[in-house]
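1. Return atomic coordinates for the entry below.
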Amino acid sequence: MAGNEKEVLMKADHVKVYFKGKNKKSGTVKAVDDVSFEILKGETFGVVGESGCGKSTLGRTLIRLLDATEGSIYFHGQDISSLKGNDLKEMRKKAQIIFQDPSACLNPRRNLKQILMEPFEIHNLKGKVDVEARIHELLTLVGLDDYHLSRYPHELSGGQKQRVGIARALALEPEIIICDEAVSALDVSVQAQVLNLLQELKEKLGLTYFFISHNLNVVYQVSDRVGVMYLGNMVEIASYDKLYEKRYHPYTEALLSAIPQVDQNAQGERIRLEGEVPNPSNPPSGCRFHTRCPKACDRCMAERPVLKEIAEGHFVACHLYDRED
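-> Numbers count the residues shown, from 1 in each chain. As a prediction, this is how the structure comes out:
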């Protein structure tokens, strides 16, 4: 699917993640519904979509914080979907996550040194590595100083807290990091600093990112390729340059039309979608987007489109571009 010769680091193969409701009336929420794609080693794969489209659920499922209902996830070609015990623990050294809200994911009763010590304690690495030296190295990597070690989360700014979250994610030298709305809770000026830091770390440490965001401007800054999600489905995948040059899916077209342009003459007509996003516990038949799509036809209501490569490295799930066999 990747369309080039780079190594595939992680692959999702027909992944589904369903959540059962508390009762029969609430139904089953199809948070992620039959999603397949590849993440290439060393790239930043951005994922965008409206709130509730399943992008965070997908990210957490990739590193087994959530279990897939169906489908497989491959890491270095190994199916990690059924890993348990020590095997799962070993895999998690190489796959980490940075959460959206740094205040919620840092233990308020622990100071910075204790927080950064925790990954080494969990994986029984104290005595096997020089933890003190490693913590000092982590602080330097994320732009903090040794005097921060005695401070507690409430004594840090939002940007500093997120730098701690990044340092903790880096502690065990992972290969891939899930960035789950990693800058959305920060002020705009701090967002830019953290994005620059993430980019520097990627280049310096050879990291791979799965970057989740609802902000297309942020995705544009950091992503090599972008996946567009709508109501649990991946509807389009391409490099950002290709996506900006030519977007095929009507939903992607509407998303990109909403990006403000500095040059007002370059600003195209805003595409406004009618209606609300359907309930994921009772999604529409056929194409999930057909209830809001200005180009929908009868086939869209009855048959779900399959993600296909319609140009080199450009994939779309839309009946408008199905080729006749």
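2. how many other residues sit next to residue 121?
-> Residues lying near residue 121 (other C-beta atoms under 10 Å) number 11. Just so you know, the C-beta spots here come from the backbone N, C-alpha and C atoms, and that holds for glycine as well.
3. pretty sure it is in a strand, no?
-> No - membership of residue 121 in a strand is not supported by DSSP: H, G, I helix; E, B strand; the rest coil, which gives helix.
4. ok, residue 305 - contacts?
-> 287, 317-319, 322 (C-beta atoms under 8 Å, 6 or more residues apart in numbering).
5. so residue 139 touches residue 151, yeah?
-> No - contact between residue 139 and residue 151 fails when scored by C-beta atoms under 8 Å: they sit 11.6 Å apart.
6. More neighbours: these two, which one.
-> Remark: of residue 139 and residue 151, residue 139 carries more neighbours, 21 against 15, as counted by other C-beta under 10 Å.
7. ok now do the more buried one, which residues does it touch?
-> For residue 139, the residues meeting the contact criterion (C-beta under 8 Å, 6+ apart) are 116, 145-146, 148-149, 167.
8. Then residue 62?
-> Residue 62 touches 10, 12, 73, 95, 178, 210, counting by C-beta under 8 Å, 6+ apart.
9. Count residues in the vicinity of the first one, would you?
-> In this case it means residue 10. Close neighbours of residue 10, defined as other C-beta under 10 Å, add up to 23.
10. Among the contacts of residue 62, which are located in strands?
-> Among the contacts of residue 62, the members found in strands (DSSP state E) are 10, 12, 73, 95, 178, 210.
11. Adding pLDDT and distance to residue 188, write those residues out as JSON lines.
-> Below are the ones in strands among the contacts of residue 62 laid out as JSON lines (pLDDT from 0 to 100; distance: C-beta to C-beta, whole Å):
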{"residue": "10", "pLDDT": "97", "distance to residue 188": "31"}
{"residue": "12", "pLDDT": "97", "distance to residue 188": "32"}
{"residue": "73", "pLDDT": "97", "distance to residue 188": "34"}
{"residue": "95", "pLDDT": "97", "distance to residue 188": "29"}
{"residue": "178", "pLDDT": "97", "distance to residue 188": "23"}
{"residue": "210", "pLDDT": "97", "distance to residue 188": "23"}
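12. all strands for the stretch 151-300 of the chain, in order.
-> Using DSSP state E, counting those that start in this stretch, the strands of the stretch 151-300 of the chain run over 176-180, 208-212, 225-230, 233-239.
13. okay if I get the ones you listed as JSON lines plus distance to residue 198?
-> As requested, the strands of the stretch 151-300 of the chain are arranged in JSON lines below (distance: least, C-beta to C-beta, whole Å):
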{"stretch": "strand 176-180", "distance to residue 198": "7"}
{"stretch": "strand 208-212", "distance to residue 198": "7"}
{"stretch": "strand 225-230", "distance to residue 198": "16"}
{"stretch": "strand 233-239", "distance to residue 198": "19"}
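14. could you dump the ones you listed to a markdown table with mean neighbour count and distance to residue 28?
-> Converted to a markdown table, the strands of the stretch 151-300 of the chain look like this (neighbours: other C-beta atoms under 10 Å; distance: least, C-beta to C-beta, whole Å):
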| stretch | mean neighbour count | distance to residue 28 |
| --- | --- | --- |
| strand 176-180 | 24 | 23 |
| strand 208-212 | 25 | 23 |
| strand 225-230 | 25 | 19 |
| strand 233-239 | 24 | 16 |
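15. between those, which one is nearest to residue 67?
-> Closest to residue 67 of the strands of the stretch 151-300 of the chain, according to C-beta to C-beta: strand 176-180, at 15.5 Å.
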